[in-house]
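Asks: build me a model from this:
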Amino acid sequence: MSNFLFLSLPLSLVSTTLPSIRAFRLRASTLWPISFLTPTSSFTARGKFLRIPSPIMNSNSKLTTTQPELSQLDDLSDFEKLLSPSGHISICGFGSLLSERSARSTFPNLLNFRAANLNGFRRVFAHVAPIFFDRGIAKPETTVFILCLEISSLSVEPCEGETLIVTVFEIQKSEIPAFMERELEFRFLAVLPETLDGEPFSNPAVLCARYSDEEFFQIRCKGSKDIYFQHYGRYNIDKIWQDDILPCRVYLRHCVLAAKNLSDIAYNNFLDHTYLGDRTTTIRTYLATTGSGIMEEEPPESLKSRYGG
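Replies: Predicted coordinates for the structure are as follows:
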């Protein structure tokens, strides 16, 4: 019996010449296999400190010394260790959560929403989000590149020398389980942001970082194909983390507007420190070339408030 599933996608050829993104590999086949019996990466699932698996790291980057010991949060008890005396935990926002309105739509009772610096990470559009299919804003067929689909959401990954403008806010202990369930495709890390003046925070914040397909299947899905199907398989997605997909247009616009509304510094930081899956093309370059027109497009009427920046 085969241990592989295959995703079959239609080819969409273009007659016009568009600016290329050199690191994208145009696939000759439309079949993408994934083995559900692939051994997991060499990491300690229950270890206190994270050893970054190789899929997370670009070969030309390494974990910055500004975050010397990244603590991975594996279960609720790990989150509870970060609680303040008042029973709150800090959350780090880097995409849609740059918008206070967007953050409050998810966390109505959040406290102390503010901007901060996060050293040693970059933003990357390199994974598929099922919610875009649920809401009808994923574009599984695009005329930009053959099989470069506009379905990607945003994550962060360690990268030496990078600094992100993020937001930090506090939520109640009772909100942690729902947060973990909602963001289960990510790796949860405890990081130490800084104020915009460069002063380290007194308490760490939770960051949703890049995960891997092997870990997601073995840990989040407990090795069950049925659980995986409920999360991704029902959308014919057999690979979550991909370097040759493009941002979901509505979501990218939302994130850019959220950064712009936060501050000019946050806006420029987002444009210059957020990358496509090639880890070379910035969002500023993408919006000026292949992605031109995205910022002029309106979300569907039912999502204008949710994805309005």
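Asks: please, where are all the helices along the stretch 51-200 of the chain?
Replies: 76-80, 100-106, 130-134, 176-182 (DSSP state H, counting those that start in this stretch).
Asks: which residues touch the closest residue to S96 other than its chain neighbours?
Replies: For S96, ignoring the flanking residues on the chain, the nearest one in space by Cβ to Cβ, 6 or more residues apart in numbering is S102 at 4.8 Å. C-beta here means a position set from N, CA and C on the backbone, and glycine is covered the same way. Contacts were defined as Cβ atoms under 8 Å, 6 or more residues apart in numbering; by that measure S102 touches 96, 254, 258, 306.
Asks: look up how far R279 lies from S102.
Replies: Distance from S102 to R279, counting by Cβ to Cβ, to the nearest Å: 26 Å.
Asks: now the helices of the stretch 51-200 of the chain in JSON lines, with distance to L196 and mean pLDDT?
Replies: Shown next, in JSON lines, are the helices of the stretch 51-200 of the chain (distance: least, Cβ to Cβ, whole Å; pLDDT from 0 to 100):
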{"stretch": "helix 76-80", "distance to L196": "26", "mean pLDDT": "97"}
{"stretch": "helix 100-106", "distance to L196": "16", "mean pLDDT": "94"}
{"stretch": "helix 130-134", "distance to L196": "31", "mean pLDDT": "73"}
{"stretch": "helix 176-182", "distance to L196": "25", "mean pLDDT": "96"}
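Asks: mind pulling up the pLDDT for F145?
Replies: Here, the pLDDT recorded for F145 equals 43.
Asks: ignore what I typed, I meant T281.
Replies: pLDDT, read off for T281, is 98.
Asks: burial measure for it, as a count.
Replies: T281 has 22 neighbours, counted by other Cβ atoms under 10 Å.
Asks: before we move on, what about L73?
Replies: 21.
Asks: next one: the one 10 residues further on
Replies: One way to gauge burial is a neighbour count; for L83, by other Cβ under 10 Å, it gives 16.
Asks: adjust the sequence numbering to begin at 43 for everything that follows.
Replies: Let's use 43 as the start, then, which means that last one is L125.
Asks: what sits against it?
Replies: Contacts of L125 (Cβ under 8 Å, 6+ apart): 131, 215.
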